[in-house]
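Undergrad: Sequence plus the predicted model coming up.
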Amino acid sequence: MFEAVLTLCAALAAGPCRDTLLPGFEAATRTGCEAALAAHPPDPTRFHDLQQRDGPVCRPAGPALSFEEVAPGLFVHTGRIEDPDSSNRGDTSNIVFVIGERSVAVIDSGAARWMGEAVWRAIRARTDKPLTHVVLTHMHPDHVLGAAALAETGAEVIGHDGLSRALADRAGNYLESFARLLGPEVFLGTVVPEVDRGIAEEAVLDLGGRALILRAWPTAHTGTDLSVFDLATGTLIAGDLVFDRHIPALDGSLTGWQRVLGTMAGQVVARLVPGHGGPVLEWPEGAAPMLRYLGVLEADTRAALRAGERLGDATGHIAAEEAARWQLSGSFNARNATVAYTELEWE
């Protein structure tokens, strides 16, 4: 398989540079790829803020992300349970794609453009059906920043109806922080995606003989949480409403998250794909560690408030007993305690 790539540089003379995939020009031969480029030349303004070295060329296909088929036609890439950095290149969250009779949907897209490109290659290795939908389960950068590359195929980008505003408010911070964490060469060409459709309650995506049920949730993990249920296999793709092994990260409402998990526990599903860990969990049994953690977080926070502790003192011990049970506790537990304290002190 051959694909079209364009070398992009932050500055033409000094770099850094990265070979960037132009999705949609794949062909079995170099000649076929070149013919596709000639027939439909890519928009030269697509990367207006970067320098282009020469023009697009056709090369053998680059590396794809690894995916596991966890249910018929439903594939999961399991991200590392690590903080994003230059070593893991931001590959720290789960990504899903689902193949229907007519088309394909991707759920979440990773932390940088290179990941969206590698998802596209993985899809193309399995089917030539068009990618019609990219669903983003919430606003966090490790789930959304690969989406623009996938949107260039013509796919519709879908999320919670609050997602577009949330990304606009945080775009500068997300891009700056992840460029620093991953390094400029890895992050080159990454932009915050535009959301084409917001979901306020529920929506159905038809992939041809296969329906995905999208559900927007009240504020829980964040204020922009969306889940996807694949009717064909009974698989619930929960995004970061559910964490496994990776300590839950609270960026919304503690009590709201507990209520949402309680509602989700009543759903009859064959398997659940979490936003981190897994790749699949039994349900609702898979929620037990999270519910325990959130319960301890709530109980310890309320105790600190009753004792009149200041926030800076309380965050050092809230949910400390849970630290050994979770990976990345040092990165997230104090932050969770801060969000919980700020929420509960105003009840």
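TA: Everything's here; your move. As the structure is a computational prediction, the values presented were derived from the model and not from experiment. Residues are numbered from 1 along each chain as shown.
Undergrad: And the helices in the stretch 51-200 of the chain?
TA: 113-124, 141-144, 147-151, 163-182, 184-187 (DSSP state H, counting those that start in this stretch).
Undergrad: scratch that, the stretch 201-347 of the chain is what I was asking about
TA: 254-265, 288-306, 311-314, 329-344.
Undergrad: Tabulate those helices (CSV), appending mean pLDDT and mean neighbour count.
TA: Every residue, glycine included, has its C-beta placed from N, CA and C. Formatted as CSV, the helices of the stretch 201-347 of the chain follow (pLDDT from 0 to 100; neighbours: other Cβ atoms under 10 Å):
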stretch, mean pLDDT, mean neighbour count
helix 254-265, 97, 18
helix 288-306, 97, 17
helix 311-314, 94, 14
helix 329-344, 97, 18
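Undergrad: about what we covered before: can you flag the weakest of the helices of the stretch 51-200 of the chain by average pLDDT?
TA: Among those, helix 184-187 carries the lowest mean pLDDT, a mean of 92.
Undergrad: who does it touch, helix- and strand-wise?
TA: strand 17-27 (3 or more Cβ pairs under 8 Å, 6 or more residues apart in numbering; DSSP states H and E).
Undergrad: ok, 10 Å please
TA: strand 17-27, helix 113-124, helix 163-182 (3 or more Cβ pairs under 10 Å, 6 or more residues apart in numbering; DSSP states H and E).
Undergrad: Out of the ones you listed, which is the most enclosed?
TA: With neighbours taken as mean count of other Cβ atoms under 10 Å, these reach their highest mean count in helix 113-124, at a mean of 25.
Undergrad: And that helix, how far out from the chain middle?
TA: Centroid separation for helix 113-124 versus its chain: 13 Å, with Cα atoms, centre = their mean, to the nearest Å.
Undergrad: Mind telling me which residue is nearest the centre of this structure?
TA: Most central in the chain under Cα atoms, centre = their mean is H143, positioned 1.8 Å from the mean C-alpha point.
Undergrad: So it sits against V106, correct?
TA: No: assessed by Cβ atoms under 10 Å, H143 is found out of contact with V106, at 11.2 Å.
Undergrad: Overlap in contacts, the two.
TA: Common contact partners of H143 and V106 (Cβ atoms under 10 Å, 6 or more residues apart in numbering): I95, L136.
Undergrad: Burial check on the closest residue to G208 other than its chain neighbours, number of neighbours?
TA: In space, and not counting its chain neighbours, G208 is closest to R102: 2.6 Å by Cβ to Cβ, 6 or more residues apart in numbering. Close neighbours of R102, defined as other Cβ atoms under 10 Å, add up to 13.
Undergrad: Which residues are in contact with R102?
TA: K129, P130, T132, D206, L207, G208, G209, R210.
Undergrad: leaving aside the residues next to it on the chain, what's closest to A28?
TA: M1 (6.4 Å).
Undergrad: so what's that neighbour up against?
TA: Per Cβ under 10 Å, 6+ apart, neighbours of M1: E26, A27, A28, T29, G32, C33, P60, A61, G62, R121, R124, A125.
Undergrad: Adding distance to G275, write those out as CSV.
TA: Compiled in CSV, the contacts of M1 are given as follows (distance: Cβ to Cβ, whole Å):
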residue, distance to G275
E26, 29
A27, 35
A28, 36
T29, 39
G32, 38
C33, 35
P60, 33
A61, 28
G62, 26
R121, 22
R124, 25
A125, 24
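Undergrad: So L241 is in contact with P218, correct?
TA: No: with contact defined as Cβ under 10 Å, L241 does not reach P218; the gap is 11.2 Å.
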